[in-house]
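Engineer: Have a look at this fold, sequence not included:
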């Protein structure tokens, strides 16, 4: 039960203090579970992020569920998901009750302008860290560039993920075929 409580507390705190959604949470989650608790490897986190990006639903909740499951199976997934969901739920209830007053505030609008800039920096830092760990050869560079260009031209994200996965399978099969010859 100790792991479940740590999962709940970790995701509760991360969810409560990290603005910007699931992508902004990635560096904090990675630090908590790969560096601090050492329950996951960098490869585990990369896999979790890849699956959550290609799954329907809220990224933060998906990351919590998969991380919790990897750490403590079904009970870990439940505790992590609850920890990730409760703070935004409470925040939304509070914001909804104050929405008309907040929307008209120039100060609040300026605060969110600064917060959005910081969130962009957090996401960029996570992308750079993940890129260093994932891109190890020409194939990965080409595929990453293809994905980047596809997204610039508004390519459907699901199609991009499917094509990238199929490319990885074809590449693996071609590499195996080369090794056999």
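Structural biologist: Nice, I can see it. Worth saying up front: this structure is predicted, and the values here are computed from it rather than measured. Numbers count the residues shown, from 1 in each chain.
Engineer: ranges for the helices of this protein?
Structural biologist: Per DSSP state H, the chain carries helices over the ranges 2-17, 22-30, 42-53, 59-103, 106-134, 138-152, 157-180.
Engineer: Can you spell out which helices and strands pack onto the second one?
Structural biologist: Helix 22-30 is packed against helix 2-17, helix 42-53, helix 59-103, helix 106-134, with contacts defined by 3 or more Cβ pairs under 8 Å, 6 or more residues apart in numbering; DSSP states H and E. For every residue, glycine as well, the C-beta is placed using N, CA and C.
Engineer: Dump the ones you listed to a markdown table, plus mean pLDDT.
Structural biologist: Listed next are the helices and strands packed on helix 22-30 as a markdown table, based on pLDDT from 0 to 100:
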| stretch | mean pLDDT |
| --- | --- |
| helix 2-17 | 96 |
| helix 42-53 | 89 |
| helix 59-103 | 92 |
| helix 106-134 | 87 |
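Engineer: Could you check how far the spatially most distant residue from the centre of the chain is from residue 140?
Structural biologist: Here the chain reaches farthest from its C-alpha mean at residue 181, the gap being 40.0 Å by Cα atoms, centre = their mean. Per Cβ to Cβ, to the nearest Å, residue 181 is found 23 Å from residue 140.
Engineer: try residue 169
Structural biologist: For residue 169, the distance to residue 140 - Cβ to Cβ - is 14 Å.
Engineer: Neighbour count: the two, which is higher?
Structural biologist: residue 140 (14 against 9; other Cβ atoms under 10 Å).
Engineer: Pull the number of nearby residues for the residue nearest to residue 140 when sequence neighbours are not counted.
Structural biologist: Closest residue to residue 140 apart from its sequence neighbours, by Cβ to Cβ, 6 or more residues apart in numbering: residue 134 at 6.3 Å. Summarising burial for residue 134: neighbours were counted as other Cβ under 10 Å, giving 15.
Engineer: could you list every residue that touches residue 134?
Structural biologist: By Cβ atoms under 8 Å, 6 or more residues apart in numbering, the residues touching residue 134 are 46, 140, 144.
Engineer: One more: residue 26?
Structural biologist: 45, 49, 63, 123, 126, 130.
Engineer: Quick check: the gap between it and residue 69.
Structural biologist: Residue 26 is 17 Å from residue 69, by Cβ to Cβ.
Engineer: Then residue 118?
Structural biologist: 30 Å.
Engineer: one step back: CSV for the helices and strands packed on helix 22-30, including distance to residue 160?
Structural biologist: CSV is the format used below for the helices and strands packed on helix 22-30 (distance: least, Cβ to Cβ, whole Å):
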stretch, distance to residue 160
helix 2-17, 28
helix 42-53, 10
helix 59-103, 16
helix 106-134, 15
